[in-house]
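>>> Give me coordinates for this.
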Amino acid sequence: MAVITPFRALRPAPVSAAAVAAVPYDVVSTEEARALAAGNPLSFLHVSRAEIDLPPDTNPYADAVYAKAVENFAALKARAPLVLEDAPSLYVYRLRMGAHVQTGIAGCFSMDDYERDVIKKHERTRRDKEDDRTRHMVELRAQTGPVFLVHQASGAVDAIVQRTAAGAPLVDFTAVDGVQHALWRVAAHDERELIAAYGAMPALYIADGHHRAASAARARQHLRQGGNTGEWDTFLAVAFPGDQTQILPYNRIVKDLGASTPESLSSALRQRLKIKTGSAPPARKGEVAMFLAGAWHTIELSAAPPGTDPAGQLDVSRLHDQVLAPLLGIGDVRTDKRIDFVGGARGTGQLEALVSSGRAAVAFSMYPVSVADLMLISDSGGIMPPKSTWFEPKLRDGLLSHVI
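Here you go, the predicted structure:
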C-alpha cells in the first residue's frame, strides 16, 4: 500500500504565484537560470539556483551558494509573501500544455515507502547531485520542489479530482512557456477518501525527480542524527495517473565522429542496419532519425537478442549497442564527454542547429519511451539508461514547499 499525507504547505500569495513559480532547478544551466530570473526578484530560481546572484565564476556547490539560498528564501518569504498554511491539506495540481491536460494530487509521501520500493525507481542517481540537494534541503529546512510520481489509473482518485477542480482554484496562471498551472485545496472529507485510494495502490513510480527523492532520504538521516525535530519522514510530490502523463523523447548528439567521416559512418551503418532517407522525429518504436551532413536519415534498429531484459530492449539501449558504441566509440554515457542529450521539448530544430553550427557532428532523434515501459522496468527492478525520458509539461518549483 502507498501512504499519502496532508501537509502544511508554504506557498506564495495568489497575486505573486506566477512570479514566484519557476522551472525545476535541474532543467536549466546557471546561465539559463540567470536569464529567466532577470528582472524578477520573486523568481524561485533565486532560491533553487542561488549562484545566479553571485559572481559568474562562483562554484555552484560553494558554501556561499547555500548561504545565499537561505538569505534569498527568507527574503522571499517576506516579499512575496510565502504563507504557511494553518492546517495540513492535500492539493489538486493541474497542468495544461496546448491540448494536453494532466491532473495530479500534491501531498507528502512516505519516505519508508521510498526506501522499501513501494515507490519504485528506474534511474541511478549521482552522488554529487545528491550532495547538492541534500545540503539545500538541510540548510533551508524545506523541500522546495516536488517529485513527479505516476501510478495506475484510479477511478476513486479521478472522481475526487473532478469534484475538487469544479470549484474556484487557489492559483491559476499561465507561465511564459505557455503552460497553465492551477491549484485547488482538497476538502477534508475527500482527503480521507484519497488516503484510502492511495492505500489501495500496490506501487507508485518516480517519473521525474530521482535526485530530489534520494536527497530527501539523506536529509532525513542527517536531521535525525542531529537530534532535530521536523517533518522529514515524508517528501513532497505530485502523483499523476500514468495514462494522463506525456513523455517526450530524450535525443542524443555526438560531438565528433571519431575516426569516421560522414561517408564512412553511413557506409558502416548500411552494412549493419536498414537505413534510408527520412525525416524527424521517427514514426514508430524501433526507428531512430539521424541528422548527418545536413540531411535526415531513418535507421531501423535490429531487435535485441533473445533474453534481453526490458531496459535493454529500449530504443536508447539498442541505439547505443548497435550504433553509438561499435561505430562511434561511445562508452559509458554517464561519463563520456563526447555525447550529450537534448530534451524533446527543444524540438528537432535544435538538433539540426547543433550539427549545422559544428557543436555536434551527428544527432539522433528518438521515439519516446512509454509509461508502460517505465512501469515494466521499475517492476522488474531494472534501471533505465540515463536520459531515457523527458516528461513534459514540468511541475514548477516554489508553488508548494514542505517545511521540514
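>>> When you work out contacts or count neighbours from here on, use the C-alpha atoms and nothing else.
OK.
>>> Let me see the backbone angles for Cys108.
phi -110, psi 140 (degrees, to the nearest 10).
>>> tell me the contacts of the spatially closest residue to it that is not a sequence neighbour?
In this structure, Cys108 finds its nearest non-sequential neighbour in Leu236, 4.6 Å apart by Cα to Cα, 6 or more residues apart in numbering. Leu236 makes contacts with 106-109, 143, 145-147, 401-402, as judged by Cα atoms under 8 Å, 6 or more residues apart in numbering.
>>> Helix, strand, or coil at Leu236?
Here Leu236 is strand, with the state taken from DSSP: H, G, I helix; E, B strand; the rest coil.
>>> Model confidence score at it, please.
Leu236 is assigned a pLDDT of 98 by the prediction.
>>> what does the one 5 residues further on give?
At Pro241 the predicted local distance difference test score is 97.
>>> same deal with Thr229?
77.
>>> ranges for the strands of the stretch 201-350 of the chain?
204-208, 234-241, 247-248, 250-254, 274-277, 287-292, 295-300, 339-343 (DSSP state E, counting those that start in this stretch).
>>> Each with direction, which strands does the fifth one pair with?
To tie it back to what came earlier, the one meant is strand 274-277. strand 295-300 (antiparallel) (DSSP bridges).
>>> repeat for the first one
If you go by DSSP bridges, strand 204-208 pairs up with strand 119-120 (parallel), strand 147-151 (antiparallel).
>>> now the first one: how far from the chain's centre is it?
What that stands for is strand 119-120. How far strand 119-120 lies from its chain's middle: 15 Å, per Cα atoms, centre = their mean, to the nearest Å.
>>> what's the answer for stretch 220-227, then?
Worked out by Cα atoms, centre = their mean, stretch 220-227 lies 27 Å from the chain centre.
>>> likewise stretch 209-227?
In terms of Cα atoms, centre = their mean, the centre of stretch 209-227 is set 19 Å apart from its chain centre.
>>> Just the buried positions in that stretch, please.
Neighbour counts over stretch 209-227 (16 or more other Cα atoms under 10 Å) mark 209-220, 222-223 as buried.
>>> picking up where we left off before, okay, the strands of the stretch 201-350 of the chain in CSV with distance to Asp158 next?
Formatted as CSV, the strands of the stretch 201-350 of the chain follow (distance: least, Cα to Cα, whole Å):
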stretch, distance to Asp158
strand 204-208, 16
strand 234-241, 9
strand 247-248, 21
strand 250-254, 29
strand 274-277, 45
strand 287-292, 35
strand 295-300, 39
strand 339-343, 30
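>>> Ala353 is nearest to which of those?
Each of the strands of the stretch 201-350 of the chain has some distance to Ala353 by Cα to Cα; the shortest is strand 287-292, at 10.3 Å.
>>> Also compute the angle for that closest one relative to strand 250-254, please.
30 degrees (axes from the mean of the first three to the mean of the last three Cα atoms, to 10 degrees).
>>> Dump strand 287-292 to CSV, restricted to CA.
Output of strand 287-292 as CSV, limited to C-alpha atoms (Å, rounded to 0.1, in the frame of the first residue of the first chain):
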residue,chain,number,x,y,z
GLU,A,287,13.3,3.6,-35.6
VAL,A,288,15.8,6.4,-35.0
ALA,A,289,16.1,9.6,-37.1
MET,A,290,19.8,10.6,-37.7
PHE,A,291,20.9,14.1,-38.8
LEU,A,292,24.2,13.8,-40.5
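>>> related to what we said a few turns ago, among the contacts of Leu236, which one has the lowest pLDDT?
Where pLDDT dips furthest among these: Gly145, at 91.
>>> how about low-confidence regions in the stretch 201-350 of the chain?
In the predicted model, the stretch 201-350 of the chain carries no residue with pLDDT under 70.
>>> Would you state the helices of the stretch 101-250 of the chain in chain order?
111-115, 127-140, 155-165, 188-199, 210-225 (DSSP state H, counting those that start in this stretch).
>>> just the ones you listed: most buried one?
Ranked by mean neighbour count, these are led by helix 210-225 with a mean of 21 (mean count of other Cα atoms under 10 Å).
>>> Surely His136 and Tyr66 touch.
Yes - counting by Cα atoms under 8 Å, His136 touches Tyr66, with 6.4 Å between them.
>>> from the buried residues of stretch 209-227, which is closest to Ser317?
Of all the buried residues of stretch 209-227, the one sitting nearest Ser317 is His210; the distance, using Cα to Cα, is 20.1 Å.
>>> In contact with the closest one: list those residues for me.
Taking Cα under 8 Å, 6+ apart, one finds 121, 123-125, 147 in contact with His210.
>>> rewinding a little: to Ser279, which of the helices of the stretch 101-250 of the chain lies closest?
Ser279 lies closest, by Cα to Cα, to one member of these: helix 210-225, at 33.3 Å.
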